[in-house]
Each structure stands twice: as structure tokens, then as C-alpha cells.
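# got a sequence here, can you model it:
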Amino acid sequence: MGFDREATQYNCGCYYEYFSHDFFNYSKDHQFHNVCGKHNTHKFAMEEQHKEQQGKQIIEQASYVLSQKMKPDKVIHFLRIKNVLSKKEENNLLEITSERQRAKELLSVLANSTKPSYQQLRIALIKANQSDLLKYLNEGSTTEEEGDITTAYEGKCFLHLQGDTHVVAKEYKNQMYIHIRNYDHTGPRHFPTKQGVALTPSRWLLLEMKKGNIREQYQKSIEGKLEDEVVMHLGGGVYVTINPKFPTIDIRHFWKPQDSDKPVATKREIVLTKTKWERLCLVMEMIRDFIPELDKACIC
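Numbers count the residues shown, from 1 in each chain. Next comes the predicted model:
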């Protein structure tokens, strides 16, 4: 009996190849192909697909009540803009004369789609001023509370990375800040802790610009190929550091004493694990849905 080459395919296009035998898998010869460009590892692609499958089950379970309450036209429009729906699917839905039936068919299309649709449906409901319907799309295991999502959206966004860490955008003294911060979940609300950083739009854009270099240096650190600490400046007193001794990415505020030329690290920082960093990169792709002002911001 010989070995057969098999592959695990994900909806995003990524796939994982390996040799298999009738009685066992030969794990020494395997390779993950990051086709969509969003998943650096087989594990991350698998987690994201599992989460999306759970989301589609939630859509199915909520279909009856949503079809009774949802105003579908604006939701359909937004999902088309985000390429969750094709032009043909949009036209077919809009040809349905009954609003209730149109909403029901939309939810059926999303539940059976191979494209990521759960989170996009949630964003579409917010965009369509129907955030009161988010409670019907509640994930049983989520750390987000629907009240926090709605309130945070009104203050721009509240996006979950992992554990207690969220990306939050709010204004302070007429200045927009994008926080990457740990939140304390006490009772039905989330409260910000001091563990985090606040970035102006300019510094967020620099973080996006340096994303590829950060990913490259971080991968070297994980593989043990990074010899010295890497420091990248995001403007002001904010720096990204990657230390070969620790498998994390550290974003931290520094300050410069008057009697020293060397900046000193403060306790205002956020430490990102591999999963948090990968999900932060995904947030970078969707955050303009919440903060369109970023398109007009400039790096200075």
C-alpha cells in the first residue's frame, strides 16, 4: 500500500496538503497554502471556517424572527457592496414583491453561501439602522454584549480580537482615537482597562503600512531567526517592538525624559499573540466600514 496526497480545502480558497496512508497520516510532508492571503496558518483558517459555520447556523435559527422584523432592502444593498451577494443574487432578491419573503430568501442565501456572511450581516444591520435585531444573532459563546456593540458603534466600533482584547474607536476632545485595548467584563458591560494603546488615525495608517514588515519580522522571531529586537516607530511616542525572546508583538507608548536622549517605555501597552495579531490584520480590512474618515486621513 502506498501513500496518497490529500488536501483539506477551506471556503476562503486556502488548503492544507498532506500524505495519508490507509492506517495513518504521514505528517512530515505537509504544506499549508494561504490562497486568500488572510490566514498565515492552517489552524487559523480552520478556526475561522468553524466560526463562520457556527454563524450560518445562528442565521438559520434566527431566520423566522428576522424575516418578520427585518427591512431587507438596505441590508441587501450593503451586502452587495461588500461582495457577499452577487449582482444576480441581488437582482433576484429585489424582484420578490413581498418584503417578508424577500428577507426570508436573503437569510436562506446567506446561510447556504460559501462566502463569509455572518459578521457581514451583523454589520449590514447596523449600517441599515436595524441594530436592535442583533440580539437575534447572538453567539452563545461570544464575549460581546449586544448593548456594547450598539453603543460602541455609535461611538464608531467595538471589534473583538481574542479574549479580553478589542479594537475600539471613539472620539475624545474632538480627536478620533483607535484603541487596541483589554476590556474588563463585569456584569453586562465591558469596561476599558489601562492595558492598551490609543492611536490617532495617522498612527493607525502607519500601522497598516508597516503590517507586511511587522508580519515578516514576527515570523522570523517565531522561527528563531530574529537575532536582535526590532523597533518600528508609528509616530509620537508609539512604537512596535518584536523581541526574539518572546513570541509576541508589543505596541507601546514611550516618553522621553528631558535629561536623556533615549525614550523610556511606559506601562501603556498591548501585547499581541499570534492569533490576536492575525485578527488585527483582518480588522484593518473592515474598519473603514465603521470609520470612513480613515480614507481622508493622512500620515504625518
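# flag the shaky bits of this protein, pLDDT-wise.
1-30, 32-42, 44-45, 48-49, 138-156, 186-189 (pLDDT under 70).
# break it down into its domains, please.
By the record's domain assignment, the chain is partitioned as 4-40, 56-142, 156-300 (automatic domain parsing).
# list the residues that contact the spatially closest residue to K210 that is not a sequence neighbour.
If the residues on either side of it in the chain are set aside, K210 comes closest to M232, at 5.5 Å by C-beta to C-beta, 6 or more residues apart in numbering. Yep, even glycine has a C-beta here, placed from its N, CA and C like the rest. Contacts for M232 were tallied using C-beta atoms under 8 Å, 6 or more residues apart in numbering; they are K210, N213, I214, Y239, V240, T241.
# kindly report the same for L206.
By C-beta under 8 Å, 6+ apart, the residues touching L206 are L234, G235, I299.
# just to revisit the earlier point, show me what the residue nearest to K210 is bridged to.
Counting by DSSP bridges, M232 forms beta bridges with V240.
# same deal with A169?
C157, I178.
# quick revisit: want to try a markdown table for the contacts of M232, with neighbour count and distance to I251 as columns?
Formatted as a markdown table, the contacts of M232 follow (neighbours: other C-beta atoms under 10 Å; distance: C-beta to C-beta, whole Å):
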| residue | neighbour count | distance to I251 |
| --- | --- | --- |
| K210 | 15 | 11 |
| N213 | 13 | 14 |
| I214 | 21 | 10 |
| Y239 | 19 | 8 |
| V240 | 22 | 5 |
| T241 | 17 | 8 |
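# closest to H166 among these?
Set against H166, the nearest of these by C-beta to C-beta is V240 (18.8 Å).
# now do the buried residues in the one helix or strand H185 maps to.
Secondary structure assignment for H185, by DSSP states H and E: strand 175-186. Of the residues in strand 175-186, M176, Y177, I178, H179, I180, R181, N182, Y183 count as buried by neighbour count, 16 or more other C-beta atoms under 10 Å.
# which one of these sits closest to A111?
Looking across the buried residues of strand 175-186 and measuring by C-beta to C-beta, the closest to A111 is Y183, at 30.6 Å.
# distance of the closest residue to the closest one other than its chain neighbours from Q57?
Spatial nearest neighbour of Y183, chain neighbours left out: H190 (4.2 Å); criterion: C-beta to C-beta, 6+ apart. Noted for H190: a distance of 25 Å to Q57, by C-beta to C-beta, to the nearest Å.
# who has more neighbours, the two?
H190 (25 against 12; other C-beta atoms under 10 Å).
# was I right to think that one contacts D184?
Yes. At 7.1 Å, H190 counts as touching D184 under the criterion of C-beta atoms under 8 Å.
# what is the end-to-end distance of stretch 195-204?
Stretch 195-204 has an end-to-end distance of 18 Å (criterion: C-alpha to C-alpha, to the nearest Å).
# please enumerate residues in contact with that stretch?
Contact with stretch 195-204 is made by 175-182, 207, 234-236, 238, 251-253, 268-270, 291, 293-294, 297-300, as judged by C-beta under 8 Å, 6+ apart.
# kindly recompute the last result at 6 Å.
Identification of contacts with stretch 195-204 by C-beta atoms under 6 Å, 6 or more residues apart in numbering yields 176-182, 234-235, 238, 251, 270, 294, 297, 299-300.
# what of stretch 175-193?
145, 148, 164-169, 195-199, 201, 204, 270.
# centre of the chain to it, how far?
Relative to its parent chain, stretch 175-193 has a centroid offset of 16 Å by C-alpha atoms, centre = their mean, to the nearest Å.
# and if you look at stretch 208-223?
18 Å.
# hmm, A124 is touching V75, no?
Yes. In this structure A124 lies within contact range of V75 using C-beta atoms under 6 Å: 4.5 Å.
# ok so, going back, how much space between the residue nearest to Y183 and C298?
31 Å.
# show me where this protein has strands.
Taking DSSP state E as the test, the strands found in the chain are 4-9, 15-20, 25-33, 157-162, 165-172, 175-186, 189-199, 230-235, 238-242, 249-255, 264-272.
# out of those strands, flag the one nearest L137.
Among these, strand 157-162 comes nearest to L137, with 14.3 Å by C-beta to C-beta.
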